[in-house]
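Asks: Turn this into a model:
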Amino acid sequence: MKKNIAIIMGGFSSEYKISLKSGNVVYETLDTTKYNAYRIHVFKDKWVYVDANNVEFPVNKDNFSVRVANRVITFDCVFNAIHGSPGEDGFIQGYFELLNIPHTSCDMYQAALTFNKRDCLSVLKAYGIKTATSFYLNSGDTINEDDIIKKVNLPCFVKANKAGSSFGITKVHKKEDLQHAIDVAFKEDDEIIIESFLDGIEVSVGVITYKGETKVLPITEIVSENDFFDYEAKYLGKSQEITPARLNKEEEDKVTFLAKKIYEVLKMKGFSRTEFIFKDGEPHLLEMNTIPGLTKESILPQQAAAAGIPLVELFDNAITEALKQS
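Replies: Below is the predicted model:
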């Protein structure tokens, strides 16, 4: 009997358009001999099932079901393709865990922790994971530009603490540009993180649970045409994404070991994509994404393909692993 799979997409953040693309790729790719796929749009003002004719049917949030005509549809598993809130910050995980519905993402705590860049970095430092020097600000804090620059130097990166897809991030070269960068970041989040610039090779490492084992996918090297790997570089073609990365054996072994260690230390499940920059030959952790992009241009699907895992198998495995947990 075919399983009913709800593919959730959209979300509450600036990333919703990318999430809709990811969710539709999953919808178009899932094996129809095994699964009945349903597109579920999750927005602040509505949760709806969108059928093949783009007709919308409201979702009953009490039990996450949908009534179509006189039939109530329930779901065997949820495929989470929501980038940002509420799909990547623990909220949707907690909701499905309360309803006892299996889902393809990590658990609630891991999602909340990894979505908060500064909390995640603080936890992982205890395990010897190297990171950039950072300075934290909350909305309403007094801003002393000299103190910030003294700690992180210039250039530096100003980032929204809880945002993805390079929204709210600015590379600052001059002191007079710092306040504007802080203002941009605060438009995305009420917490920001300011980090020292690490000059080196940037790599992205996908890690998944594959057939019951932690699997590190081939590493991708990021070469941006812009000043850094910003939104344009990520989504508008202004970067080279080279898989496998041009690393020597020692560098590859180091970053593979660290990515696997982080995934297992945090007791992750499902997809993850971890970003590092090499400084003085050592990988420094930037952040971890637990709902990485799943569009055809996205990094993790490229890495899976390089590992010989086609998209249909990648998505099938995610559902199979989620159903094991139920």
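Asks: Specify the residue positioned farthest from the middle of this structure.
Replies: Distance from the centre of the chain peaks at Asn70, with 37.4 Å (Cα atoms, centre = their mean).
Asks: Break down this structure into its helices, ranges please.
Replies: 16-29, 91-99, 108-115, 117-125, 145-152, 178-188, 231-235, 249-265, 299-306, 311-324 (DSSP state H).
Asks: Which positions in the first one come out as buried?
Replies: Same thing as helix 16-29. Neighbour counts over helix 16-29 (16 or more other Cβ atoms under 10 Å) mark Tyr16, Ile18, Ser19, Leu20, Lys21, Ser22, Gly23, Asn24, Val25, Val26, Tyr27, Thr29 as buried. Where you see a C-beta, it was placed from the backbone N, CA and C, and this is true even at glycine.
Asks: mind putting those residues in a markdown table, pLDDT and distance to Val203 included?
Replies: Shown next, in a markdown table, are the buried residues of helix 16-29 (pLDDT from 0 to 100; distance: Cβ to Cβ, whole Å):
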| residue | pLDDT | distance to Val203 |
| --- | --- | --- |
| Tyr16 | 92 | 27 |
| Ile18 | 91 | 21 |
| Ser19 | 95 | 24 |
| Leu20 | 96 | 28 |
| Lys21 | 95 | 24 |
| Ser22 | 96 | 22 |
| Gly23 | 97 | 27 |
| Asn24 | 97 | 28 |
| Val25 | 97 | 24 |
| Val26 | 98 | 25 |
| Tyr27 | 98 | 30 |
| Thr29 | 97 | 26 |
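Asks: Leu30 contacts Phe315, doesn't it?
Replies: Yes - Leu30 lies in contact with Phe315 (Cβ atoms under 8 Å); the separation is 5.8 Å.
Asks: Neighbours of the closest residue to Ser139 other than its chain neighbours, how many?
Replies: In this structure, Ser139 finds its nearest non-sequential neighbour in Asp190, 4.0 Å apart by Cβ to Cβ, 6 or more residues apart in numbering. Neighbours of Asp190 under the rule other Cβ atoms under 10 Å: 13.
Asks: next one: Pro283
Replies: Neighbour count of Pro283, defined by other Cβ under 10 Å: 26.
Asks: Go ahead and confirm it touches Leu258.
Replies: Yes - at 5.6 Å, Pro283 and Leu258 qualify as touching, with contact defined as Cβ under 8 Å.
Asks: okay, and the common contacts of those two?
Replies: Phe276 (Cβ atoms under 8 Å, 6 or more residues apart in numbering).
Asks: shouldn't Ala318 be in contact with Ser272?
Replies: No - taking Cβ under 8 Å as the definition, Ala318 is not a contact partner of Ser272, at 11.8 Å.
Asks: Who are the contact partners of the nearest residue to Gly23 once chain neighbours are set aside?
Replies: Closest residue to Gly23 apart from its sequence neighbours, by Cβ to Cβ, 6+ apart: Met9 at 2.7 Å. Neighbouring residues of Met9 by Cβ under 8 Å, 6+ apart: Ser19, Leu20, Ser22, Gly23, Asn24, Arg39, Ile40, His41, Val42, Ala81, Ile82.
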